[in-house]
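>>> sequence first, then the predicted structure, then my questions.
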Amino acid sequence: MIGSWMKDNVSTKWSEGLRYIQFMKNRAYQSGIKQSPYKALFGIEPRNEDDLRKVIEDDRNVNLTEDSDDNVVEVSNREKVSSSENDIHKARTTAAENLVKQAKKMKATSDKSHPPSNIGDNVTIPIPDVDKGKGDLRNIIGVILQKNDEGFYKVGIKHGVLRKQYGRSEFGICNQTFLEVADV
């Protein structure tokens, strides 16, 4: 976005575009919270770009004040935009509820593509490239020892139990049995 702003404004001073870009990002609709971040924070829709340009022209014109009943944003004594505490609380509550819905939807999608594993299932856990040499194996073969209430799995290997608890998307289920729970 900074690169586009610099090109559009024929400028090499990228820092001058930061407030504009910040405003553009904060006024953009976010599907997770089903509103703009600006509205989630202030309880009102963001002002238009012309108002932003006026603010950018002179940073000294921006004063943020809080009253006991309302939050008031004052710009050069020209305009007052107020939002009641209730509107702000409602916008933030809505944002939080929508994030919870989004998380549940993501979990359901993940559960569809990664069906649950059972205790005793053999699994392959990929070894990160940084932790292995060129001739080392790409995966560790383990066996599921337990599953907790949050859906995380404890995995054992031939030489003991792995410290980390794994999410279902972090391992693949083997079709064959290489290791039994008793072998751990």
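Alright, I've got the coordinates. Computed from a prediction, not measured in an experiment: that's the story for all the values here.

>>> thought residue 184 was touching residue 144?
No - look at residue 184 against residue 144 with Cβ atoms under 8 Å: they stay out of range, at 10.4 Å. For the C-beta atoms, the positions are set from N, CA and C on the backbone; glycine is no exception.

>>> of those two, who's got more company?
residue 144 (21 against 16; other Cβ atoms under 10 Å).

>>> longest helix anywhere in this protein?
As assigned by DSSP state H, the longest helix anywhere in the chain is helix 85-113.

>>> what is whatever helix or strand comes next after it packed up against?
Note on helix 85-113: by DSSP states H and E, the next helix or strand toward the C-terminus is strand 122-126. In terms of contact count using 3 or more Cβ pairs under 8 Å, 6 or more residues apart in numbering; DSSP states H and E, strand 122-126 is assigned the packing partners strand 139-147, strand 153-157, strand 172-173.

>>> any chance of a markdown table for those, columns mean pLDDT and distance to residue 95?
Written out in a markdown table, the entries for those read as follows (pLDDT from 0 to 100; distance: least, Cβ to Cβ, whole Å):
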| stretch | mean pLDDT | distance to residue 95 |
| --- | --- | --- |
| strand 139-147 | 95 | 32 |
| strand 153-157 | 96 | 32 |
| strand 172-173 | 94 | 36 |
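
>>> point out the most buried one among these.
Comparing the helices and strands packed on strand 122-126 on average neighbours per residue, with mean count of other Cβ atoms under 10 Å, the densest one is strand 153-157 at a mean of 20.

>>> still on that earlier bit, state the mean pLDDT of the longest helix of the chain.
What helix 85-113 shows for mean pLDDT is 90.

>>> list the buried ones in that helix?
Across helix 85-113, burial judged by 16 or more other Cβ atoms under 10 Å covers 87, 88, 91, 92, 95, 98.

>>> picking that back up, can you add distance to residue 33 and give the helices and strands packed on strand 122-126 back as TSV?
Supplementary listing: these in TSV, determined by distance: least, Cβ to Cβ, whole Å:
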stretch	distance to residue 33
strand 139-147	32
strand 153-157	31
strand 172-173	34
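
>>> which among the ones you listed is found nearest to residue 115?
In terms of Cβ to Cβ, the element of the helices and strands packed on strand 122-126 nearest to residue 115 is strand 172-173, at 8.1 Å.

>>> partners of that closest one in the sheet?
Pairing partners of strand 172-173, with direction, according to DSSP bridges: strand 122-126 (antiparallel).
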